[in-house]
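Undergrad: can you look at this prediction? I've put the sequence above it.
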Amino acid sequence: MDFLVTFAIVILSITKKSMNKQSSICQKAYHAQWLKYAFCVLAALWLTTIPTIAQDDEDSLATDIKVTLLSVAPGYTAYTAHGHCALRMQCPSAGLDISFTYGLDDNVHNRMAFFVGSGMGEYSAVYTSDYLQGYADEGRRVEEYELNLSLNEKRQLWALLDNELTNGASRRYNYLHTNCSSMCAYAVGRALDGDRLDYQQLPPALLGTYRDFVRHISRNRPWVSFFWLSLLSAEGEKRGQLEDKLSPQLLVEAWQQAMLVDTMGSRRPMIIGEGKVLVDGDDGSRTIWFTPTLFFTLLLVLVLLISVAEWKGCCRRLVFGTDIFLLAAQTVLGLLLCYMSFVSELVGASGNWLVLIFNPLPFLLWMFCRHRRWYYRSYLFYVVVLAVFVCMAPLNPQIDFSHSLLAFVLGVRCLARYLQYRK
C-alpha cells in the first residue's frame, strides 16, 4: 500500500508539471486526460496486489511460533519417580513463553482420589520461567527438544491447548493411559495437519506389556517399582497402544527416531537437532542399594532364626512381637490390595492375584477364632496356600521374586506356629 501512495504522488507531480507547460485554454482538458491515465494505472496496480494483501491478512497471526518438548528427570518420590514433561509454546513477537502440561495436583485429596480411581487430571499453563525455576529448586534436570511442526500445526496446537484449559478437569488421571507424556503426545497428534507420525524405531520398553513398561521406567527406583507392580493386576499383561504407555524419557526416545510424513510422501524428522539442557541438575539415574529383595531376604533369615529360637523355648517376647508385626503388615497390605482389586476404579488394579495371600482373613480368624480347638489347623491351610502361590510364580508375571520372598516369610512363621501347637 505504501508503494501505491508513492506512485500516486509521483503521477500527480508529473501532472502538475505538465499542466504548467500548457496554455490556459487547454489546461482543463489536459488535466482531465492525465487524471484518467493515472486512475487506470492505479486501478491496475491495486488489482494485482489483492492476493498479496489477502496473504498479509492471513499471516497477521504470529509466524514466529516455536514448539518444544520439555523433559524433566525423575524424582525420588512415588509421585515424581517417572519424571514429567510439558509442551513449551514460544512467540517472541507477542512476548509469550508458556509451558502447557497435564497432571494431577499433588495434594492429599487428589492422592486419595487417585487410588479410588476418581482423580481428575487437567491441562495447566504456567510461564516457562516459573516452570523451570520449580525444578531448579528441586535440583532436577530439564532438557528441551524442538518439534519440527509446520506453522499451521503450531497454531492448531496452541489453539487446542488453550481450548483444553477452558475444559478444566475432564479426564480421569491414571499412571498407565492418561499421564503427562501420553497427553502431550495426544495434543501433538491432534494438531497434525494431514501429516502422519511414522515411528521408525521404538524403544524395547514400548514393544512389551504394561508390566514391562512399568518395570522399565521404575528400574532406578526399586521400592517404587515394587509398589506399582504390586498394584498392577492382570491388565499388566496387555500390550495396549503405544500412546498409552509413555514416560517423558521414552517419549523423547520415540520422537527422536520418528518421522513426519505429509500427504505428498515427503518426510522430515519429528525432532530438530539434539536436545538442550535448560536446568543442569540430577538426571534421576541414582538408585539405592537397599532394595525390596534385600529387605525381604534379611527378613526371611531373621524369621528363620526366631522360629528356631521359638522351637527351643527362647525369645518368647521377640517371637510374639514378630508375629504381631507380620500379622499387622499382612492385614494392612491385604486391605489395600482388596480395596484396589474389588472396589477401586483405578485402571489396571482389578483382578490382582496377590489378594490370594494378602487379605484380612488371617486377622479375622485370629480375632474371633484363636481360642477354638481347630484354629491351629488354619496355619497349615495357610502354609498350603502360600506354597501354591510360590509355585505359581514362574507362570504368573504378577508374582515377582520379592513377592515370593515375602510369601516365604509368612510361610515360615505359619509352619512354625503349627508345629508349636503340635509339639
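TA: Thanks, I have the structure now.
Undergrad: how about stretch 125-140, which residues are buried there?
TA: Across stretch 125-140, burial judged by 16 or more other C-beta atoms under 10 Å covers 125, 128, 131-132, 135, 140. (Glycine included, C-beta is placed from N, CA and C.)
Undergrad: export that stretch to CSV, keeping only CA atoms.
TA: Only the C-alpha atoms of stretch 125-140 are listed here, as CSV (Å, rounded to 0.1, in the frame of the first residue of the first chain):
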residue,chain,number,x,y,z
ALA,A,125,-0.3,-23.4,31.8
VAL,A,126,2.5,-21.6,33.5
TYR,A,127,5.2,-19.2,32.5
THR,A,128,8.2,-21.2,31.4
SER,A,129,10.5,-19.2,33.7
ASP,A,130,8.4,-20.3,36.7
TYR,A,131,8.1,-23.9,35.4
LEU,A,132,11.9,-24.2,35.1
GLN,A,133,12.6,-22.5,38.4
GLY,A,134,10.4,-25.0,40.3
TYR,A,135,12.6,-27.9,39.0
ALA,A,136,15.8,-25.9,39.6
ASP,A,137,14.8,-25.6,43.2
GLU,A,138,14.3,-29.4,43.4
GLY,A,139,17.7,-29.9,41.7
ARG,A,140,16.2,-31.9,38.8
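Undergrad: what is the mean pLDDT for that stretch?
TA: Averaging pLDDT along stretch 125-140 yields 94.
Undergrad: spatially nearest residue to V319 (excluding sequence neighbours)?
TA: E310 (4.6 Å; C-beta to C-beta, 6 or more residues apart in numbering).
Undergrad: could you point out which element follows the host helix or strand of that neighbour?
TA: E310 is located in helix 292-311, with elements delineated by DSSP states H and E. The helix or strand immediately downstream of helix 292-311 is helix 316-342, counting by DSSP H and E.
Undergrad: related to what we said a few turns ago, which of the buried residues of stretch 125-140 lies closest to E345?
TA: Distance to E345 across the buried residues of stretch 125-140 (C-beta to C-beta) is lowest for A125, with 28.5 Å.
Undergrad: next helix or strand past the helix or strand that closest one falls within?
TA: Assigned by DSSP H and E, A125 belongs to strand 120-127. Heading C-terminal from strand 120-127, the first helix or strand you meet, by DSSP H and E, is helix 128-138.
Undergrad: in the stretch 51-200 of the chain, where is pLDDT below threshold?
TA: Judged by pLDDT under 70, the stretch 51-200 of the chain has its weakly predicted residues at 51-60, 106.
Undergrad: could you pull out the strands in it for me?
TA: Secondary structure of the stretch 51-200 of the chain (DSSP state E, counting those that start in this stretch): strands at 66-72, 84-91, 96-103, 120-127, 142-147, 171-172, 196-199.
Undergrad: hang on, W255 packs against M270?
TA: Yes: W255 lies in contact with M270 (C-beta atoms under 8 Å); the separation is 4.6 Å.
Undergrad: overlap in contacts, these two.
TA: Taking C-beta atoms under 8 Å, 6 or more residues apart in numbering as the contact rule, W255 and M270 both touch L147.
Undergrad: before we move on, back to that, can you report how many residues neighbour the residue nearest to V319?
TA: Using other C-beta atoms under 10 Å, E310 is surrounded by 22 other residues.
Undergrad: before we move on, what about N110?
TA: 18.
Undergrad: domain ranges for the protein?
TA: The chain resolves into domains spanning 2-58, 66-279, 292-422 when parsed by automatic domain parsing.
Undergrad: let me have those in a markdown table, adding distance to R286 as columns.
TA: Formatted as a markdown table, those follow (distance: least, C-beta to C-beta, whole Å):
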| stretch | distance to R286 |
| --- | --- |
| domain 2-58 | 51 |
| domain 66-279 | 7 |
| domain 292-422 | 17 |
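Undergrad: of the ones you listed, which is nearest S285?
TA: Across the domains of the chain, closest to S285 is domain 66-279 (C-beta to C-beta), at 5.9 Å.
Undergrad: what about the closest one, how long is it end to end?
TA: The first and final residues of domain 66-279 sit 19 Å from each other (C-alpha to C-alpha, to the nearest Å).
Undergrad: ranges for the helices of the stretch 101-250 of the chain?
TA: For the stretch 101-250 of the chain, the helices defined by DSSP state H, counting those that start in this stretch occupy 108-116, 128-138, 151-167, 180-191, 210-217, 222-231, 248-256.
Undergrad: select, out of those, the one closest to A81.
TA: Smallest distance to A81 across the helices of the stretch 101-250 of the chain (C-beta to C-beta): 4.3 Å, for helix 222-231.
Undergrad: buried stuff in that closest one?
TA: In terms of neighbour count (16+ other C-beta under 10 Å), helix 222-231 has its buried residues at 222-226, 228-231.
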